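model the following, please.
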Amino acid sequence: MSEGRGFRELMGTELASTGEGRAVVEVHAEEHHLNPGGTVHGGVVYTLVDVSMAEALRTTIAEGDERPVTIEIKVNYLEPAKAGTLTSTAQVRKGGKRVTIVEAEVAQDSEVVALATGTYTIVGG
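Numbering: from 1, shown residues only. A predicted model of the protein is given here:
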């Protein structure tokens, strides 16, 4: 493993777009992302939704020292993903003083392969 590379770089996630309370993140799943059964490892999908949900939340906070931190994520895996591009679209659902709920949908080739809900808090600042 290369020193100085962050986990997001190692996973290969790429921020595709953002808007107020929304983010789209992609990963190009390759052989090293696959489990022994030949499908994308669930941890890759989990990481993809975590990154997309944090990026969606990041669009709602002031730039600076504040950052979103994951409290909990629930992922429903609907279909096995294959090598290729996976796209997670995340949307902030409900913000509060201490926690915010964010939802994400992961698609591959126009098919939804996973749905996720995450609970986040903001630290720093």
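
the most centrally placed residue in the chain: which element?
For the chain, Val49 is the residue whose C-alpha lies nearest the centre (Cα atoms, centre = their mean; 2.4 Å). Using DSSP states H and E, Val49 maps to helix 42-58.

need the residues that contact that helix.
By Cβ atoms under 8 Å, 6 or more residues apart in numbering, the surrounding residues in contact with helix 42-58 are 7-8, 11, 13, 15, 18, 21-25, 27, 29, 33, 35, 67-68, 70, 73, 75, 77, 81, 86, 88-92, 100, 102-104, 106, 113-114, 116, 118, 120, 122. Glycine gets a C-beta too; all of them are placed from N, C-alpha and C.

in helices, which of those residues fall?
7-8, 11 (DSSP state H).

just the terminal-to-terminal distance for stretch 76-83.
Terminal residues of stretch 76-83 lie 19 Å apart, using Cα to Cα, to the nearest Å.

filter the contacts of helix 42-58 down to the buried ones.
Listed as buried from the contacts of helix 42-58 are 8, 11, 13, 18, 21-25, 27, 29, 33, 68, 73, 75, 77, 81, 86, 88-92, 100, 102-104, 106, 113-114, 116, 118, 120, 122; burial here means 16 or more other Cβ atoms under 10 Å.
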